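A.B. asks: Structure here, sequence nowhere to be found:
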């Protein structure tokens, strides 16, 4: 999967949580330290399934079950490089993001995966990889992978 800026948005359809995880794993294999993956989508769209697959692609052991860190907001994992998984579901507004060390995760220490990234869109560095997930039906998802700026 290429994500250079001269390409258009890639659209993929998945028909199960496992397919969403598999797509995430495919993308995760290409990520490097310092990459930021901003995931958007409504509740139940599959953001955490995609994040799990990204983690597997980065080398997180499948026995380590990546869950959405909704209550802790940020959770770190070890793969072939560190993975910082951020879930902003509970953020009420962007002002609350300034109280968290979110921007500290944008400077190369880890691969940063952000669920509900639309809540901090203006804080994200321009070169992030954006992935939008849309619910098509109970099991089907339309996943748009936007090229990096």
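C.D. replies: Here it is on my side, so go on. Since the model is a prediction, treat every value here as computed from it, not as a measurement.
A.B. asks: How far does the one helix or strand in the chain whose mean pLDDT sits lowest sit from its chain's centre?
C.D. replies: Ranked by mean pLDDT, DSSP states H and E, the helix or strand of the chain with the weakest confidence is helix 94-97, at a mean of 82. Using Cα atoms, centre = their mean, to the nearest Å, we find the averaged C-alpha position of helix 94-97 to lie 19 Å away from the chain's own average C-alpha position.
A.B. asks: can you list contacts of that helix?
C.D. replies: Taking contacts as Cβ atoms under 8 Å, 6 or more residues apart in numbering, the residues outside helix 94-97 that touch it are 88, 91, 119, 120, 122, 123. All C-beta spots, glycine's among them, are computed from the backbone N, C-alpha and C.
A.B. asks: At which residues are the strands of this structure located?
C.D. replies: Using DSSP state E, the strands assigned to the chain run over residues 10-14, 36-40, 74-78, 82-87, 111-115, 129-135, 141-146.
A.B. asks: Return the most buried member of those.
C.D. replies: strand 111-115 (a mean of 28; mean count of other Cβ atoms under 10 Å).
A.B. asks: what is the orientation angle of that strand with strand 74-78?
C.D. replies: If you take axes from the mean of the first three to the mean of the last three Cα atoms, to 10 degrees, strand 111-115 sits at 140 degrees to strand 74-78.
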